[in-house]
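Colleague: I would like to see how this sequence folds:
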Amino acid sequence: MLDSLTLVFEKLFLLSSFNLFRNLWPEEEEKSCCTPPTLKRGDLLEVQRTLFIHCGIYLGDNKVAHLMPDIMPILTMDEKKIKKVVTNNRLILGCIYKKATIRVDSVEDFAYGANILVNPMDSKVKMQALSQDEVARRAETLVGDILYSLLWNNCEHFATHCRYGSPFSQQTDKFCETLKTIVRDQRSVLLTILLGTLSIVCFGTAPATTLPAILIPFTLWMAG
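Modeller: Here you go, the predicted model:
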């Protein structure tokens, strides 16, 4: 039951990150030029990707370690194809299949045309950052394949584990707070009752329609 709820929440998190007003992205998106700021080994870097904010750790020599969802290792063993910059199509499919790697890319490939923010979390969290070299060393030791979860093991968890010694994700926390607000809003109960009634009218009183129509509003009512 817990696994099922986690799966549902992860898909909601993914869907809530979509920008519905953008055109579908091509496999290779055009990258705009960006001038990265002065970087130090161990810096926590943030960039805006299509779906969410992406985090990584600067290793020096123009290299960044970051946890990236990627479907390509499932599809091929060709290292040249796997090492190519991860496009949004590869990223989304990697999220769905829960496949990721902690990989090392150039700053330009990591930024993917976006502007880079350096250590933006240091002023937002109460934890003290580790030494710059310790942060980078932690990131280097974790390079390799890893299971991925949008809620419990994403790029931000990796970066904060390296930077602060404790994994957390502000994006996940924000999503959970939004979800709690929706659950506590009793209008959600009325909406699910309406949708459940419509599904029964359209598809009949089969268990697949009747049970969700009853259980979902009841669960929201009790949780609220």
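
Colleague: Quick check: the residue sitting nearest the centre point of the chain vs E140, distance?
Modeller: Among the residues of the chain, the one closest to the centroid is L150, at 4.5 Å (C-alpha atoms, centre = their mean). The gap separating L150 from E140 is 25 Å, by C-beta to C-beta, to the nearest Å. For the C-beta atoms, the positions are set from N, CA and C on the backbone; glycine is no exception.

Colleague: Likewise for L39?
Modeller: Distance, L39 to E140, by C-beta to C-beta: 16 Å.

Colleague: again, but for N154
Modeller: To E140, N154 is 19 Å away according to C-beta to C-beta.

Colleague: Comparing the two, which residue is more hemmed in?
Modeller: Using other C-beta atoms under 10 Å, the more surrounded residue of N154 and E140 is N154, with 25 against 15.

Colleague: Name the nearest residue to L39, sequence neighbours excluded.
Modeller: Y58 (4.8 Å; C-beta to C-beta, 6 or more residues apart in numbering).

Colleague: Now for N62, how many residues are close by?
Modeller: Around N62 there are 14 residues (other C-beta under 10 Å).

Colleague: Could you name the helices and strands sitting against the helix or strand hosting L194?
Modeller: Element membership of L194, judged by DSSP states H and E, is helix 187-203. Applying 3 or more C-beta pairs under 8 Å, 6 or more residues apart in numbering; DSSP states H and E, we find helix 187-203 packed against helix 207-223.

Colleague: what's in contact with the helix it packs on?
Modeller: Residues external to helix 207-223 that are found in contact with it (C-beta atoms under 8 Å, 6 or more residues apart in numbering): 183-184, 186, 188-189, 192-193, 195-197, 199-200, 203.

Colleague: Now, of these, which are buried?
Modeller: Among those, the ones that count as buried by 16 or more other C-beta atoms under 10 Å are 183, 188-189, 192-193, 196, 199-200.

Colleague: what bits of the protein have low per-residue confidence?
Modeller: 1-37, 51, 220-224 (pLDDT under 70).

Colleague: Quick one: the helices in it, in order.
Modeller: In the chain, the helices defined using DSSP state H lie at 2-16, 72-75, 79-83, 88-97, 107-111, 132-141, 155-164, 170-184, 187-203, 207-223.

Colleague: Tabulate the ones you listed in CSV, adding columns for distance to T50.
Modeller: Shown next, in CSV, are those (distance: least, C-beta to C-beta, whole Å):
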stretch, distance to T50
helix 2-16, 12
helix 72-75, 17
helix 79-83, 21
helix 88-97, 5
helix 107-111, 13
helix 132-141, 24
helix 155-164, 14
helix 170-184, 14
helix 187-203, 28
helix 207-223, 30
